[in-house]
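[1] Sequence plus predicted model, see below.
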2 protein chains.
Amino acid sequence: MANYAVKVYISYRKGVLDPQGVAVEKAAHSLGFEKVKNVRVGKYVTMEIEADSMEEVKREVEEMAAKFLVNPVIEEYTFEVEEVKE
Amino acid sequence: MANYAVKVYISYRKGVLDPQGVAVEKAAHSLGFEKVKNVRVGKYVTMEIEADSMEEVKREVEEMAAKFLVNPVIEEYTFEVEEVKE
């Protein structure tokens, strides 16, 4: 059994309206950052999972994504897993 | 002038209550993912910036973080910059 650090990056699918992204882009432009474009705001979820193998952790993350973490209709995700050295 | 892809990872500082993280952790446990712990939910902001150099982009991101993107009292951030090959 080892401890694994997981990072999940969840963002809106292309074409889905991203109100937070629009708001951040407007704020940037109004504060003088005119060359900023295509701002998208998503979720960055970090966690630790105890497991016997990297594959087991990956299966758990994919299962969590499918069950409750990600809304596949409007969101897509990527993730990274690293073993935590004690 | 080149185009740069920027990824900003904003998370709560250690010790700051993270209600979303607590909610996600509870959901995971209630759905049988008992070995999940230390769940933290932050923001994942992506954007494109036109600039003359990587250093200019980094300065802009740090300035935006200081001015409106990050609340330094409760949040910390890291970011990555990559030149977009046309």
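    Yep, that arrived.

[2] Let me know the helix or strand that the most far-flung residue of chain A relative to its centre is in.
    The C-alpha centroid of chain A is most remote from A:Gly32, which lies 28.2 Å away (Cα atoms, centre = their mean). A:Gly32 is part of no helix or strand when elements are defined by DSSP states H and E.

[3] Next up, phi/psi of it, please.
    Main-chain dihedrals, A:Gly32, degrees, to the nearest 10: phi 100, psi 0.

[4] Distance check, it against chain B.
    A:Gly32 is 9 Å from chain B, where distance means Cβ to the nearest Cβ, to the nearest Å. All C-beta atoms are positioned from the backbone trio N, CA, C, and that covers glycine.

[5] same deal with A:Ser53?
    A:Ser53 is 13 Å from chain B, by Cβ to the nearest Cβ.

[6] how many other residues sit next to that residue?
    Residues near A:Ser53, counting by other Cβ atoms under 10 Å in any protein chain shown, number 12.

[7] Ramachandran angles for it?
    Backbone torsions of A:Ser53, given as degrees, to the nearest 10, read phi -160, psi 160.

[8] Output the set of residues of chain A in proximity to chain B.
    By Cβ under 8 Å from any Cβ of the partner chain, the part of chain A that sits against chain B consists of A:9-11, A:21, A:24-25, A:27-28, A:31, A:33, A:35-51, A:60, A:63-64, A:67-69.

[9] out of those residues, which are inside helices?
    Assigned to helices by DSSP state H, the following of the residues of chain A next to chain B qualify: A:Gly21, A:Val24, A:Glu25, A:Ala27, A:Ala28, A:Glu60, A:Glu63, A:Met64.

[10] Can you tell me the element the residue nearest to A:Val70 when sequence neighbours are not counted falls in?
    Distances taken as Cβ to Cβ, 6 or more residues apart in numbering or on different chains place A:Tyr77 nearest to A:Val70, at 4.9 Å, with adjacent residues excluded. Per DSSP H and E: A:Tyr77 is located in strand A:75-83.

[11] Give the other helices and strands that that strand contacts.
    strand A:2-12, helix A:54-64 (3 or more Cβ pairs under 8 Å, 6 or more residues apart in numbering or on different chains; DSSP states H and E).

[12] Which positions within it qualify as buried?
    Neighbour counts over strand A:75-83 (16 or more other Cβ atoms under 10 Å in any protein chain shown) mark A:Glu75, A:Glu76, A:Tyr77, A:Phe79, A:Val81 as buried.

[13] could I get these as a markdown table with pLDDT?
    Formatted as a markdown table, the buried residues of strand A:75-83 follow (pLDDT from 0 to 100):
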| residue | pLDDT |
| --- | --- |
| A:Glu75 | 96 |
| A:Glu76 | 96 |
| A:Tyr77 | 97 |
| A:Phe79 | 98 |
| A:Val81 | 97 |
